[in-house]
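> heads up, no residue letters with this:
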């Protein structure tokens, strides 16, 4: 699944393999790379993935940084 497909579908089912690919791609992005209308969705996805401990350790720091960036953007309005 390409990241664009993830952004464009609200109620999509993803496999574990697709989640790993999404995690890899998101871990390399900044909050500015995320479409504004998808910030809440991406934030919810990251929080869930981290809480369920389904993220490969090598992507955790990047996802945490992205989540922090999204949260900062939300605070800035």
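Good, I have the coordinates. What you see is a predicted model, and the numbers here were worked out from it, not measured in a lab. Numbers count the residues shown, from 1 in each chain.
> from here on, contacts and neighbour counts on C-alpha atoms
OK.
> which residues touch residue 3?
For residue 3, the contacting residues are 22, 25, by Cα atoms under 8 Å, 6 or more residues apart in numbering.
> what helix or strand is the spatially most central residue of the chain on?
Of all residues in the chain, the one closest to the mean position by Cα atoms, centre = their mean is residue 42, 4.2 Å from it. In this assignment (DSSP states H and E), residue 42 forms part of helix 39-51.
> re earlier: distance-wise, check the residue nearest to the centre of the chain relative to residue 65.
Going from residue 42 to residue 65 by Cα to Cα, to the nearest Å gives 13 Å.
> What residues of the longest helix that the chain contains count as buried?
Counting by DSSP state H, the longest helix found in the chain is helix 57-76. Applying a neighbour-count criterion of 16 or more other Cα atoms under 10 Å, one finds 59-60, 62-67, 69-71 buried in helix 57-76.
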